[in-house]
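>>> Coordinates only, no sequence provided:
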């Protein structure tokens with residue numbers, strides 16, 4: 001995919017680390033006119049980037065806006081193809097809904113739908129997901145793995161491992177994974193993962209991976225009904241987090257572990273998942289559509305199914321449930 005000129009400009013100015021780059025040099029490098037360079041710089045200024053223009057020396061990038069626009073994410077990308085196509089809007093009803101539309105229209109593997117604010121965000125079982133403007137990461141990633149439909153649920157676990165590693169790299173804080181789709185810090189939820197698919201009976205056409213992360217929220221940003229169960233990366237780390245950098249790191253690990261799962265199977269991902277999990281080894285209450293089970297979580301199968309040892313010693317396989325950790 002051709003990278004827009006303004007992204008290339010930002011890459012070069014960022015890599016210069018405060019040294020001026022001349023407009024003529026940039027024009028020559030990008031094979032466009034000086035006037036075109038000036039127009040792109042003005043466009044970037046309108047988007048919140050600030051520059052210093054030094055006579056006879058060139059441009060210096062001074063600051064970047066706290067946004068998730070593709071230019072900022074592209075600057076930090078380390079992937080082969082994840083994130084090469086990014087659809088960004090300031091407000092969407094739901095990135096998941098929009099991603100389904102793009103997937104049906106043939107959007108490539110690794111396409112990202114991302115926004116600053118959702119008006120109708122949702123989690124598992126159609127539960128509401130609060131998506132405050134400019135505070136978190138609200139995105140969906142389209143994956144196109146060549147796998148049968150019964151292997152799709154494992155991608156929730158793949159994503160959990162990927163996001164955990166990304167958060168650890170960027171913030172120094174390592175969340176715990178709560179089966180099947182939450183990340184917790186000190187027992188409080190910071191991340192939810194929603195995995196949906198478009199499939200034929202024998203093959204997956206697309207997996208739509210919804211990711212919601214509380215990043216730079218303060219305690220007062222949470223409603224009364226969730227303030228006692230929610231946290232953010234800023235609260236946990238004590239510092240403001242670069243959201244675009246975190247998105248790029250998530251895409252790096254999501255691409256890495258998705259590829260590893262497809263090529264090598266689930267075993268290595270399973271080992272990492274169990275290492276990061278706060279569910280395994282804990283006494284839990286699992287509420288399914290039909291039953292309630294209480295026991296000790298002893299592991300997950302190669303298919304990502306939770307194994308619960310009941311008090312009478314029986315092993316119950318939990319395919320889908322709401323999980324509560326018991327004290």
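Structure received. Everything quoted here is computed from the prediction, not taken from an experiment.
>>> hmm, who's touching stretch 252-268?
By Cβ atoms under 8 Å, 6 or more residues apart in numbering, the residues outside stretch 252-268 that reach it are 77-82, 110, 141, 143, 145-147, 154-155, 157-159, 161-163, 165-166, 209, 269, 302-304. The way it works is simple: take the backbone N, C-alpha and C, and place the C-beta from them, glycine included.
>>> So, low pLDDT: which residues of the stretch 151-300 of the chain?
Applying pLDDT under 70 to the stretch 151-300 of the chain picks out no residues at all.
>>> Where do the strands of it begin and end?
With strands called from DSSP state E, counting those that start in this stretch, the stretch 151-300 of the chain shows them at 176-178, 182-185, 188-199, 204-213, 283-287, 292-300.
>>> how about JSON lines for those, with distance to residue 233 and mean neighbour count added?
As requested, the strands of the stretch 151-300 of the chain are arranged in JSON lines below (distance: least, Cβ to Cβ, whole Å; neighbours: other Cβ atoms under 10 Å):
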{"stretch": "strand 176-178", "distance to residue 233": "14", "mean neighbour count": "21"}
{"stretch": "strand 182-185", "distance to residue 233": "8", "mean neighbour count": "21"}
{"stretch": "strand 188-199", "distance to residue 233": "6", "mean neighbour count": "20"}
{"stretch": "strand 204-213", "distance to residue 233": "7", "mean neighbour count": "23"}
{"stretch": "strand 283-287", "distance to residue 233": "25", "mean neighbour count": "18"}
{"stretch": "strand 292-300", "distance to residue 233": "26", "mean neighbour count": "17"}
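>>> for the ones you listed, which one sits closest to residue 137?
Minimum separation from residue 137 across the strands of the stretch 151-300 of the chain (Cβ to Cβ) falls at strand 204-213, 4.3 Å.
>>> Parallel or antiparallel, list what pairs with that closest one.
Strand pairing for strand 204-213, using DSSP bridges, gives strand 137-143 (antiparallel), strand 188-199 (antiparallel).
>>> okay if I get those strands as a markdown table plus distance to residue 311?
Formatted as a markdown table, the strands paired with strand 204-213 follow (distance: least, Cβ to Cβ, whole Å):
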| stretch | distance to residue 311 |
| --- | --- |
| strand 137-143 | 39 |
| strand 188-199 | 27 |
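>>> For residue 280, find the nearest of the ones you listed.
Closest approach to residue 280 among the strands paired with strand 204-213 is made by strand 188-199 (17.4 Å; Cβ to Cβ).
>>> ok, and what's touching that closest one?
Against strand 188-199 from outside (Cβ under 8 Å, 6+ apart): 96, 100, 103-104, 122-124, 129, 149, 152-153, 155-156, 159-160, 163, 167, 175, 178, 181-184, 204-214, 229-233, 236.
>>> mind listing the strands for the stretch 1-150 of the chain?
Under DSSP E, counting those that start in this stretch, the stretch 1-150 of the chain gives strands at 50-54, 58-63, 86-92, 111-118, 137-143.
>>> Please indicate which of those has the most neighbours on average?
Stretch with highest mean neighbour count among the strands of the stretch 1-150 of the chain: strand 137-143 (a mean of 26; mean count of other Cβ atoms under 10 Å).
>>> what is the orientation angle of that one with strand 111-118?
Computed by axes from the mean of the first three to the mean of the last three Cα atoms, to 10 degrees, the angle separating strand 137-143 from strand 111-118 equals 160 degrees.
>>> Also compute the angle for strand 137-143 relative to strand 86-92, please.
140 degrees.
>>> Could I get the average pLDDT for strand 137-143?
For strand 137-143, mean pLDDT rounds to 97.
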